[in-house]
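J.: Output the structure for:
(one chain, ligands or ions: 1)
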Amino acid sequence: MSQTAADVVSFRIEGRIAWVAFNRPEKRNCMSPTLNRRMLEVIEDLEFHDEVGVLVLTGEGSAWSAGMDLKEYFRETEARGLEGVRKSQREAYAWWKRLRWYQKPTIAMVNGWCFGGGYGPLFACDLAFAAEEAQFGLSEINWGILPGGGASKVAAELLSFRRAMYHAMTGETVDGRTAAEWGLVNEAVPLSGLKARVTEVAELLLKKNPVALKATKDAIRRVREMTYENAEDYLIRAQEAANSFDNEGRKHGISQFIDDKSYKPGLGAYDLSRQGR
Ligand code: ACO
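T.: Numbering: from 1, shown residues only. As a prediction, the model looks like this:
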């Protein structure tokens with residue numbers, strides 16, 4: 001897959017990490033229909049790429065994403081009537097959904113502004129790390145709409161009821177540090193150290209059994225909406241399904257601990273290289 005200087009999504013693979021970035025820095029990486037279509041193409045292409053073990057989603061320039069493009073996503077599609085509106089919604093939601101259930105682990109690296117519609121891909125990523133300097137806001141109320149496109153759901157999922165209400169009703173921003181305290185992201189670190197921290201976490205994930213990782217991340221998303229009984233049953237079946245894809249991995253995991261005594265599962269992962277990836 002090739003890219004040009006004008007590409008609204010940039011991407012490169014380094015050390016089995018796919019660095020994918022919103023690339024409209026002059027528009028603070030707001031999401032236009034063109035960007036949404038391109039993002040789906042890029043992430044689809046990378047999903048089963050042999051050289052990719054982890055995907056990081058970040059933004060070029062000072063923004064992660066300033067949300068939906070008010071001109072191209074809202075005004076111009078509304079001018080094309082309901083058909084235009086529904087089409088552009090489907091294009092946006094399609095890549096967020098793809099990311100929510102992505103084959104590889106995903107990390108949002110929030111380097112700057114993150115508004116409104118940006119909460120969709122933020123939640124879609126399995127993990128999220130922010131610059132302390134980043135600013136997060138549900139700004140919809142500031143220009144007269146409700147936080148749609150899943151944003152209200154994301155706020156209600158990740159924040160306490162009171163915080164979600166305050167955040168959505170006031171449209172005030174919070175910085176990366178507060179976002180971490182609130183649970184919108186895993187951690188906040190100074191912008192200067194953000195890439196190093198994300199690389200460190202990505203490299204940690206690259207050492208884990210990839211079949212188990214996919215089963216694990218899906219399990220955590222799925223069980224949130226299940227009763228305990230249903231979750232218990234789902235997890236039995238999910239484990240058995242994972243075993244049928246990866247008969248050898250966990251046997252190596254057990255053997256390297258019990259027989260070889262070469263590692264301790266409580267403290268780190270078994271050596272994947274001894275079973276092949
Ligand atoms: N939609 C359309 N254009 C945008 C958006 C957006 N969401 N965000 C920024 N831009 C454009 C600006 O219009 C401007 O374009 P221009 O250079 O042609 O005039 C350019 O990007 C740069 O924006 P500035 O406002 O000059 O950048 P600044 O760094 O001063 O401010 C900020 C950044 C705070 C992100 C500001 O651009 C902003 O408030 N953007 C809108 C954020 C927002 O409310 N997004 C929608 C959320 S709701 C939803 O997603 C459903």
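J.: And the average pLDDT for the longest helix anywhere in the chain is what?
T.: Counting residues, the longest helix found in the chain (DSSP state H) is helix 81-100. Per-region confidence: helix 81-100 scores 98 on mean pLDDT.
J.: Quick check: what element follows that helix along the chain?
T.: strand 106-110 (DSSP states H and E).
J.: ok, which stretches of the chain are strands?
T.: Remark: strands assigned in the chain by DSSP state E are 9-14, 17-22, 54-59, 63-65, 106-110, 113-115, 127-131, 135-137, 174-175, 187-189.
J.: Can I get the third one in CSV, CA atoms only?
T.: This file holds the C-alpha atoms of strand 54-59, laid out as CSV (Å, rounded to 0.1, in the frame of the first residue of the first chain):
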residue,chain,number,x,y,z
VAL,A,54,0.7,-3.9,17.4
LEU,A,55,-1.1,-0.8,16.0
VAL,A,56,-0.6,2.6,17.4
LEU,A,57,-3.0,5.4,16.4
THR,A,58,-1.7,8.9,16.8
GLY,A,59,-1.9,12.4,15.2
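J.: Packing partners of it?
T.: When contacts are defined as 3 or more C-beta pairs under 8 Å, 6 or more residues apart in numbering; DSSP states H and E, strand 54-59 packs onto strand 17-22, strand 106-110, helix 191-206. No exception for glycine: its C-beta is placed from N, CA and C like everyone else's.
J.: list the helices and strands the first one packs on?
T.: Other elements packing on strand 17-22 under the criterion 3+ C-beta pairs under 8 Å, 6+ apart are strand 9-14, helix 33-47, strand 54-59, strand 63-65, helix 191-206.
J.: just these: most buried one?
T.: strand 63-65 (a mean of 28; mean count of other C-beta atoms under 10 Å).
J.: Switch the strands of the chain over to a markdown table; also include distance to the ligand and mean pLDDT.
T.: Converted to a markdown table, those look like this (distance: least, C-beta to the nearest ligand atom, whole Å; pLDDT from 0 to 100):
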| stretch | distance to the ligand | mean pLDDT |
| --- | --- | --- |
| strand 9-14 | 17 | 98 |
| strand 17-22 | 11 | 98 |
| strand 54-59 | 11 | 98 |
| strand 63-65 | 6 | 98 |
| strand 106-110 | 13 | 99 |
| strand 113-115 | 4 | 98 |
| strand 127-131 | 14 | 99 |
| strand 135-137 | 7 | 98 |
| strand 174-175 | 13 | 98 |
| strand 187-189 | 18 | 98 |
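J.: For Ser262, find the nearest of those.
T.: strand 54-59 (24.3 Å; C-beta to C-beta).
J.: and the longest helix of the chain, which residues are buried?
T.: Ser88, Gln89, Glu91, Ala92, Trp95, Trp96, Arg98, Leu99, Arg100 (16 or more other C-beta atoms under 10 Å).
J.: Next to the ligand in this structure, residues from this protein, please.
T.: Counting by C-beta under 6 Å from any ligand atom, the chain comes close to the ligand at 27-28, 30, 66-71, 113, 115-117, 139-140, 149.
J.: ok and the residue in the stretch 151-277 of the chain nearest the ligand?
T.: Ala151 (6.7 Å; C-beta to the nearest ligand atom).
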